[in-house]
Structures are given as C-alpha cells and as structure tokens.
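Undergrad: What follows is a predicted protein model with its sequence.
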Amino acid sequence: MRMSVLLVAVPSLALAQGRAASPVPQYPIEDFLASTIFSGASFSPDNRKILVSSDQSGVFNVYTITVQNGASERLTHSTADAIFGLSYFPRDARILYASDRAGNELTHIYVRSPDGSVRDLTPGDSLKAQFAGWARDLRSFFLLTNERDRRFFDLYEVNPESYERTVLYRNEAGLDVGDVSPDRRRLALVKSNTTNDSDVFLYDRETGETTKLTAHQGDVQNFGPEFTPDGRALDFLTNEGHEFQYLVRHDLATGERRVIHKFDWDILFTSFSRTGKYLAVAVNEDARTDVRLYEAATMQPIPLPNLPEGDITGLAFSRDETHLAFYVSGSRFPRDLYAMRIGTDGAATAPPRRLTRALSPRINPEHLVDGQVVRFASYDGLQIPGILYRPHGASSQRRAPALVQVHGGPGGQARVGYRADIQYLVNHGYTVFDINNRGSSGYGKTFYALDDRRHGEADLGDVVASKRMLIETGVVDAERIGIIGGSYGGYMVLAALTLQPDAFRTGVDLFGISNWLRTLRSTPPWWESFRRALYTEMGDPGTDDSLRLRRISPLVNAHAIRAPLMVLQGANDPRVLQVESDEIVAAARANGVPVEYIVFSDEGHGFVKKQNRIRGYRAILEFLDRHLKGQVGAR
C-alpha cells in the first residue's frame, strides 16, 4: 500500500509509467467530473444505512447509502447551496447537516426530520456554527457558535428532543474547544500561540478553574485533545522533544503523562469508538494516510483486511461498535465508501463491502496515472518532496509541457490520492509536480518552520528549483514549464510571476493573495483566536513587518509580470477578497500581457459546484494549451 519513494530524480523516471501501451484517449472535463465526490460517514441507529455527502446532483447534498447493497437515497435537494451531512440521531432517523450561503462560510446547523421538515438550530445573521459531536451517553449533542461575539466560539449543549440550548463554555479568551468529558464537568481547550506552538488547557466547569497542562520551553505543538471514555485521562498530540507529532495520555488525577504511540511520521489524529473499545490512529506517512486500529484496553493492533492499494481515510464506527465504515482512494480512483461488520475481537467477520463507485464509468482507470513520491535537492541542498504525475506517451523523444502545482496553506501538504484536476491535465499531456516546498506540514517541525517570515522567498526558491528536477526526468520540455496553485498556492503563482518573472512561462492563480497587508487586516472575525499565530508566521501588518509584507506582495511588483496569467475567483470568498484578484488582473493587463479572468458569483474560497468546476477546468486547459503547449482547442 506504500508508494515508491525516490531520493533523487533520475532519467529512469521516464520508464516508470509503463502501463497503457496503446494510445490513451483524451477525456473531456465533463467525464472527469461525472465522477462523484463522497464524504462523511454516520451509521443509522440500526446500522442499515450510512449518512454521507455527495455532489452527484451537481451540488453537494445529503444521501443515505444502504449497507447491504449500496443503494442510495437523496435526503436534501439543494440546487444552489452546498449541504454537508453531519450525523444521524442515535435513536431515530433525524439527521444533522451544515450549510452556508454561496460559499460565505457562515455555516448554520440544521436538523432534518424523517418527514422532510427542516429546522435551523442556529438562526441569525452573520454567525458561524460548528457541530461538536454527541455526548458519550448520547443524551445530548454539542454546538459551537460565534453569535455572542463574532471573534470567539461559545460551546452549547443541545437537548435532542426540545432543541433547547445550554451554555457550557463562554469563550472570552480565544481558546478553542477540543473535547467535553463524559460527565460534562471538564472541557479540553487549545490555545494557538503561533503556527508552531500551542497549548492544551483543562477547564473545570464546577470550579471555574482553567489549568494549563502543557507548560514547555521553546516551540511545541500540543493539540487534538480527547478524553478517554472513562473520563480519567486526556489524550493529545505533541511534538515536544521530537520532530513529529506523537500521542500522549495525561492522567487527570495524578498528572502523570506517558507516551501511547510515537513514530517517525506525524500522527494526524486519533479517535476512540464510542465506549472506548477501539482506538484508531492515523499516521501521515510520506503524504499518505496509514490508519492503524487497536484494541484500546491492551493496545494490541487489529489488522485491517486486504483492500485495494490506496489511502484509507474517514474511519467511522457504528455507535454499538459492531460496524466500521471507511474510504479508500488512490491516484487513479477517487474515494469509495466501504463498510464491514466486526466481531468482538475487532476482526472483520466478512470482507469489506464496497458501497460506492465514485469514478465515472466513462473513464478507464488504466488511462490515468499513479503519482510517484519523489525528492530533489533544492537551491541550498535541502531535500524537497513532492508527488510527480507523468502523462502516458511522454518520453525523451516526445517531451511534455509541465506544471508545478503549489498547495494552499501556508503549511498545507500535497497528498497522495485522486485529484480530478491533476488527472485531467495529465490526461491532456501535461506533467504535473505537486510540490511540498519547505513550510509544508508532514515532514517534521523543523521543515515546517523553514519558511516562517520568509514566504515568497525561501519557499518560492524551492518551487523554482523544482524545474531542474523536472527537466532531468528527460521527458519535460525545459521551455514549457508553468505554475498553478490555489489560495496560498495562488499567491505563490503570483509571487513567481512578479518576484522571479523569468522562471515560468505561464501562471494559473486560483483565488490567490496579491496584497498581504490588506489580506492580513481583513481576515474573518472568527479567525481571531488564530490571528496572533498567523501574524507570528507571516508578519504583523501593523508593525515594521509591513515593509517585508509589502515587498513580497505581488500587487506591488505587478509591473514585472511578463508571462500570460489566468485568474479564477469566488465572489463570496471571505478569506481572499475578490478585490485581490480584481487588482492584480488590472495591473497585469496594464503590462500588455495576455490575462484571462473568471469570477464565480456563487462561490467562496474554493469551487464546489460541478458546473463551475467544469467551466473553470475547461478554461484552464484551453489557456494552457494556448500559452504553454502552444495549441488551441476546446476540451
């Protein structure tokens, strides 16, 4: 199940993609997006159905999947706003779901009854709400909202019959609620000091006392707290004294702390089944998720059954701990939902049942390509990882154009798995390198901090240096290498075209930052608890940091843009405002370079509607064919 890892890029990569000897057809974007995205998994009280979210209608809606045969039933019928399923109620067919308006991220939480009636549990304007799970005794559930103070989220307990709410925690200090103890007396809280440093606190509702559990020296990440099911201890992740995040257990009575699991990769998260019989541990192993299951009392591993090669994510137990659901995905197939019944020892009583077929039947997976994890030496010798996708037919005799794909963040990670946009571009002849430049998560805290206050400089150097690796594969045309990215990756596109204007032949920017001073000053109010951490990493626009922030802002340097530029933007984006794209487009056009600009009036930070994605991806390919590949033709 592990991808091959290449320490250096060598010409032999040209032979690595040996499948599909016959010519591969080029599929239109409609075929790729005829595939379905599934997410979420919540078992019905009788374990016969699983609640999921899916975009099969063109807009995300809520569906149920029958465990016995995979039959689906649509429960919501939105044609405009995305709806995401959260949970079945424990004892009946009611469900909870979340939805915002046209991507504005002001999410409300709703309950849908079996008769189809819907109630907004968090009514009001300009508020944002989050579902925080069910109590372990299933007698109530928890919500977070910023209705009292738009900067901070208060915690409420909700009666599942009357829907009356009780305040459990009034957030005055900008702490984030991590978990509620089984008896509801204690809350685990997290404080983000910087993006490299955070602390876990314990709040006692009876005494009103808040206790810091993670006193430390230097930068240490402490997060992801979860009470053990008996309420006697608190598990959380830390990287104290280690490059990677590991799991510790803190005894609430004695203060004693012991290591539960430690690897040479980050633990992404851990989760108990409802009564604590099982513990799931997800490890970020070189850009893929390795899920490990344990019998919690003894910590004996429980082997998962043989599955298709790929990434296992979205593990979900039924409330009675007799069923398990999870997703499997790979480079050449999107996430499919599986379910299996488990015995008293945690082992499967029968092979897992595949419940969905996400990949469009119009696409032959043999015509797609596997991503290869590769590493290259950057400008200062640092090894930089990423995932390389090489099109069928590319060779030293038929060198392909290439794109460096830059992920969002800062601090995100390119991951092994299915990407419709990447496969679409590769299918049409483009090599794509999904880079994990310095500052990416998943490779240790030292690597993660290497771009702090060096954004647009240290990390951009890695992106430019990756061109050499692409050329050395022997299958990439050195004169036809472009750059593409979204959000922070979109900023990196604009930074490349302004700060190193000769590095790339074209750039495709999806909702990227062009003016750091404005963006940092206009972050959404509900980011208040994270604002200090963001300013520590990027710089505070109200201090002398503003000089550097101005220097690396693409809008200030837009006069240097010489390469053709494409920009895509959501009109309702609360993180990167439309003016960021409006102004960089106007500035680039003033240079006389080709610029194409698409604004989606009904999208926010990221595009969730299929028709918008079809229009956007098709336009991107046409732009690249015209300005990078050198050919014109609608796809």
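TA: Done, it's in.

Undergrad: Helices of the stretch 1-150 of the chain, residue ranges please.
TA: Secondary structure of the stretch 1-150 of the chain, counting by DSSP state H, counting those that start in this stretch: helices at 29-32.

Undergrad: Can you tell me the closest non-neighbouring residue to V432?
TA: Closest residue in space to V432, ignoring its immediate chain neighbours: Y389 at 4.5 Å, by C-beta to C-beta, 6 or more residues apart in numbering. Every C-beta, even on glycine, is put in place using the N, C-alpha and C of the backbone.

Undergrad: and if you look at W527?
TA: In space, W527 is closest to L534, 7.3 Å off (C-beta to C-beta, 6+ apart).

Undergrad: what sits up against the strand or helix carrying L237?
TA: L237 belongs to strand 233-238 when assigned by DSSP states H and E. Defining contact as C-beta atoms under 8 Å, 6 or more residues apart in numbering, one finds that strand 233-238 is touched by 178-179, 188, 200, 202, 213-214, 220-228, 245-252, 260, 267, 269-270.

Undergrad: now do 6 Å
TA: Applying C-beta atoms under 6 Å, 6 or more residues apart in numbering, the set of residues contacting strand 233-238 from outside is 188, 200, 222-227, 245, 248-252, 267.

Undergrad: list the contacts for R151?
TA: Contact analysis of R151 by C-beta under 6 Å, 6+ apart lists 525, 528.

Undergrad: A helix includes it, no?
TA: No: assigned with DSSP: H, G, I helix; E, B strand; the rest coil, R151 falls outside any helix and is coil.

Undergrad: quick one: it from P525, how far?
TA: 5 Å (C-beta to C-beta, to the nearest Å).

Undergrad: quick revisit: tell me the average confidence for the strand holding L237?
TA: Regarding strand 233-238, the rounded mean pLDDT is 98.

Undergrad: which neighbours does it have in its sheet, and in what orientation?
TA: Partner strands and pairing direction for strand 233-238 (DSSP bridges) are strand 222-227 (antiparallel), strand 246-251 (antiparallel).

Undergrad: okay, these in a markdown table with mean pLDDT and distance to G412 next?
TA: Shown next, in a markdown table, are these (pLDDT from 0 to 100; distance: least, C-beta to C-beta, whole Å):
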| stretch | mean pLDDT | distance to G412 |
| --- | --- | --- |
| strand 222-227 | 97 | 16 |
| strand 246-251 | 98 | 21 |
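
Undergrad: just to revisit the earlier point, for the buried ones among the contacts of strand 233-238, write the corresponding ChimeraX selection.
TA: Typed into ChimeraX, the line below selects the buried ones among the contacts of strand 233-238, using 16 or more other C-beta atoms under 10 Å:
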select :188,200,222,223,224,225,226,227,245,248,249,250,252,267
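
Undergrad: In contact with the residue nearest to V432, which residues are there?
TA: 369, 371, 422, 426, 432.

Undergrad: After the lengthiest strand in the chain, heading C-terminal, what element do we hit next?
TA: If you go by DSSP state E, the chain has its longest strand at strand 476-486. Downstream of strand 476-486, the first helix or strand assigned by DSSP H and E is helix 488-499.

Undergrad: For the helix or strand hosting S192, give me every contacting residue.
TA: Per DSSP H and E: S192 is located in strand 186-194. Outside strand 186-194, the residues that touch it by C-beta under 6 Å, 6+ apart are 169, 175-176, 178-180, 198-204, 223, 225, 234, 530, 533, 536.

Undergrad: out of those, which are inside strands?
TA: Per DSSP E, these map to strands at 169, 176, 178-180, 198-204, 223, 225, 234.

Undergrad: Out of those residues, the closest to W516 would be?
TA: S198 (23.4 Å; C-beta to C-beta).

Undergrad: Identify the residues contacting the closest one.
TA: S198 neighbours (C-beta under 6 Å, 6+ apart): 190, 192, 221-223.

Undergrad: Any idea what it is bridged to?
TA: Per DSSP bridges, the residues bridged to S198 are S192.

Undergrad: any weak-confidence spans in this protein?
TA: Within the chain, the ranges that satisfy pLDDT under 70 run 1-22, 308, 345-349, 631-635.

Undergrad: does T210 really touch F201, like I thought?
TA: Yes: the criterion here is C-beta atoms under 6 Å, and T210 meets it with F201 at 5.4 Å.

Undergrad: Pick out whichever of these two has more residues nearby.
TA: Remark: of T210 and F201, F201 carries more neighbours, 20 against 13, as counted by other C-beta atoms under 10 Å.

Undergrad: measure that one to D154 for me?
TA: In terms of C-beta to C-beta, F201 sits 16 Å off from D154.

Undergrad: L127 contacts L144, doesn't it?
TA: No: contact between L127 and L144 fails when scored by C-beta under 6 Å: they sit 10.6 Å apart.

Undergrad: between those two, who's got more neighbours?
TA: Applying other C-beta under 10 Å to L127 and L144 shows that L144 carries more neighbours, namely 21 against 17.

Undergrad: Might one say that the more buried one is in contact with K128?
TA: No: contact criterion C-beta under 6 Å: L144 and K128 do not qualify, at 8.7 Å.

Undergrad: P45: neighbouring residues, count only.
TA: So P45, with other C-beta under 10 Å, has 16 neighbours.

Undergrad: Grab the nearest non-local neighbour of it.
TA: The shortest distance from P45 to any non-neighbouring residue, by C-beta to C-beta, 6+ apart, is to R91 (5.5 Å).

Undergrad: What is the burial count for the one you found?
TA: Residues near R91, counting by other C-beta under 10 Å, number 10.

Undergrad: How much space separates it from S44?
TA: Counting by C-beta to C-beta, the gap from R91 to S44 is 10 Å.

Undergrad: can you check I561 too?
TA: Distance from I561 to S44, by C-beta to C-beta: 54 Å.

Undergrad: what about the two, which has more around it?
TA: Using other C-beta under 10 Å as the criterion, I561 and S44 rank with I561 on top: 23 against 20.

Undergrad: and I614, what is it in contact with?
TA: 29, 33.

Undergrad: repeat for N47
TA: N47 sits in contact with 318, 323, where contact means C-beta under 6 Å, 6+ apart.

Undergrad: The closest residue to R136 other than its chain neighbours: neighbour count?
TA: Leaving aside its chain neighbours, R136 sits nearest to P182 (4.6 Å; criterion: C-beta to C-beta, 6+ apart). Counted with other C-beta under 10 Å, residues neighbouring P182 total 17.

Undergrad: wait, P182 sits on T228?
TA: No: with contact defined as C-beta under 6 Å, P182 does not reach T228; the gap is 8.8 Å.

Undergrad: before we move on, the earlier item: kindly format the C-alpha coordinates of the longest strand of the chain as PDB.
TA: What follows is strand 476-486, C-alpha atoms only, in PDB (Å, rounded to 0.1, in the frame of the first residue of the first chain):
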ATOM      1  CA  VAL A 476       9.800  17.500 -19.800                       C
ATOM      2  CA  ASP A 477      10.300  20.400 -22.300                       C
ATOM      3  CA  ALA A 478      12.500  22.900 -20.400                       C
ATOM      4  CA  GLU A 479      11.000  25.800 -22.300                       C
ATOM      5  CA  ARG A 480       7.400  24.900 -21.400                       C
ATOM      6  CA  ILE A 481       7.000  24.800 -17.600                       C
ATOM      7  CA  GLY A 482       4.200  26.700 -15.900                       C
ATOM      8  CA  ILE A 483       2.900  27.100 -12.400                       C
ATOM      9  CA  ILE A 484      -0.500  26.600 -10.900                       C
ATOM     10  CA  GLY A 485      -2.000  26.900  -7.400                       C
ATOM     11  CA  GLY A 486      -4.900  27.900  -5.200                       C
END
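
Undergrad: now for it, which elements pack on it?
TA: Applying 3 or more C-beta pairs under 6 Å, 6 or more residues apart in numbering; DSSP states H and E, one finds that strand 476-486 contacts strand 400-406, helix 458-472, helix 488-499, strand 507-510.

Undergrad: list the helices and strands the last one packs on?
TA: The contact analysis (3+ C-beta pairs under 6 Å, 6+ apart) places strand 507-510 against strand 476-486, helix 488-499, strand 565-570.
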